[in-house]
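**Q** Let me see the structure of the following:
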Amino acid sequence: MVPAIRKAFNEAFTPEAYERFLADLHSHHPGDIEFRVAETPVFVDKAFTQQVLQACEDIVDVIVQPDFLAMTEAAIPPQVRMAGETPNTEFICFDFGICENEDGSYSPQLIEMQGFPSLFAYQILHSLVTNRHFPFPEGYNSYLNGYTQETYQQLLQHIIIGRHQAEHVILLEIYPDQQKTRIDFRCTKDYVGIETVCLTQLKADGRQLYYEKDGQRIDVHRIYNRVIFDDLDKQSLPPGTVDIRQPWQVEWCPHPHWFYRISKYTLPFINSPYVPKTYFVHQLPAIPADLENYVLKPLFSFAGQGVLIDVTRADIEALPDPENWILQRKVKYADAIVTPDVPAKAEIRIFYFWPQGAARPFAAQNLSRLSKGKMIGVRYNKDKEWVGGSLVLFEQ
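**A** This next block holds a predicted model:
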């Protein structure tokens, strides 16, 4: 997206350099990066950086409204309601497509957002190794708002561990060793200093949760939550597995309610040039005549599951639960990233952090995903190059 930098990068690129980069990246936790890592970062100039951050701030303006909790109360499924909700989520991720306007210019357009963690620790490693093999251009960095690797790592530790000792804080997931994001769990141990614990390893003593490590009981005081409840409900868990929905004597970071409050459910409430018009299906005054310009998405799903790109009137009329679906205006992804064969499309995920008590969340890091398929994602990019997980280098 910055022509001179893109040209210089592509001309200097060699497959051998890419293989050395991958070998270095994979060497830290062999076998734990299951997804494809792209050959290139995304270079974003100062003007587009400001657009991305303004887009985030437009959405944050809605999230910090006094009535936001009331506005999103219906987003939380009854089976997920739990005690101990925090005043705000500690984490928000905003996913933007780099999109093409009618005049051929580019703008960020919100695709989805989540009040839930992402690959926060892995991106420390990714940024470090990328810079080692493909040095960042002068004045460009993956960190935002003046953060550096050191201060970002300190921020993560502060938010995740809180007032507790790291020994009593865990990253909680379902069968973590089977998750495609497990590299982030390993990096969280490296950079934050907490253990990853499988839900099936948790035990209860009264209202106190604990797990065992090296034959010793370790009480759990705080949970860095990576459990997606939509996934949890599909799992076959062993008898006696702790029901984490109960009111345990534990803090949540973030509390599971925020996964639903800040989600696709929030999109219809946002009015911004960077947010495609979105409707709850059950509140549609009429089904649009130009459905080819819309995408149909289930509210309660993740990783793009259940999304209908080519929507018909029959699809909408056949929905048994229209209150659980949104109709979102399509955006046109730009062929923005010049590669040796065909251009790639890109999404940018901005990491926003929100320490409890702070007035507003703020941007600190990012990741990017490159695609040459119909959608962003592994299934649409098989056997393609210059696609996969990456990071954005923003002009500072």
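
**Q** tell me the residue furthest from the middle of this protein?
**A** The centre of the chain is farthest from one residue, residue 215, which by CA atoms, centre = their mean lies 35.2 Å away.

**Q** counting contacts, what elements does the helix or strand harbouring residue 94 pack onto?
**A** Assigned by DSSP states H and E, residue 94 belongs to strand 91-100. Packing contacts for strand 91-100, counted by 3 or more CB pairs under 8 Å, 6 or more residues apart in numbering; DSSP states H and E, involve helix 46-63, strand 106-114, strand 345-353. For glycine as for every other residue, the C-beta is placed from the backbone atoms N, C-alpha and C.

**Q** how does it look with 6 Å?
**A** strand 106-114, strand 345-353 (3 or more CB pairs under 6 Å, 6 or more residues apart in numbering; DSSP states H and E).

**Q** okay, which residue is most central for the protein?
**A** Nearest to the geometric centre of the chain sits residue 118, at 4.3 Å (CA atoms, centre = their mean).

**Q** Now that residue. Nearest residue, chain neighbours left out?
**A** Once flanking residues are discounted, residue 118 sits nearest to residue 93: 4.8 Å by CB to CB, 6 or more residues apart in numbering.

**Q** so who does the one you found touch?
**A** 114, 118, 349 (CB atoms under 6 Å, 6 or more residues apart in numbering).

**Q** and which of the residues you listed is nearest to residue 146?
**A** Closest approach to residue 146 among the contacts of residue 93 (CB to CB): residue 349, at 19.7 Å.

**Q** just checking, residue 363 is part of a strand?
**A** Yes. Residue 363: assigned to a strand according to DSSP: H, G, I helix; E, B strand; the rest coil.

**Q** Next one: it from residue 13, what distance?
**A** According to CB to CB, to the nearest Å, residue 363 and residue 13 sit 29 Å apart.

**Q** and the residue lying closest to residue 317 once chain neighbours are set aside, how many neighbours?
**A** Of all residues not flanking residue 317 in the chain, residue 287 sits nearest, at 7.8 Å (CB to CB, 6+ apart). Per other CB atoms under 10 Å, the neighbour tally for residue 287 reads 15.

**Q** what pLDDT does residue 287 get?
**A** Residue 287 is assigned a pLDDT of 94 by the prediction.

**Q** what's the answer for the one 4 residues further on, then?
**A** pLDDT, the model's per-residue confidence, is 95 for residue 291.

**Q** I'd like to know which of the helices and strands packed on strand 91-100 lies nearest to residue 148.
**A** Closest of the helices and strands packed on strand 91-100 to residue 148 is strand 345-353, at 14.6 Å (criterion: CB to CB).

**Q** Contacts for that closest one next, please.
**A** The contact list for strand 345-353, computed with CB under 6 Å, 6+ apart, reads 42, 56, 92-98, 333, 336-337, 361, 363-371, 376, 392.
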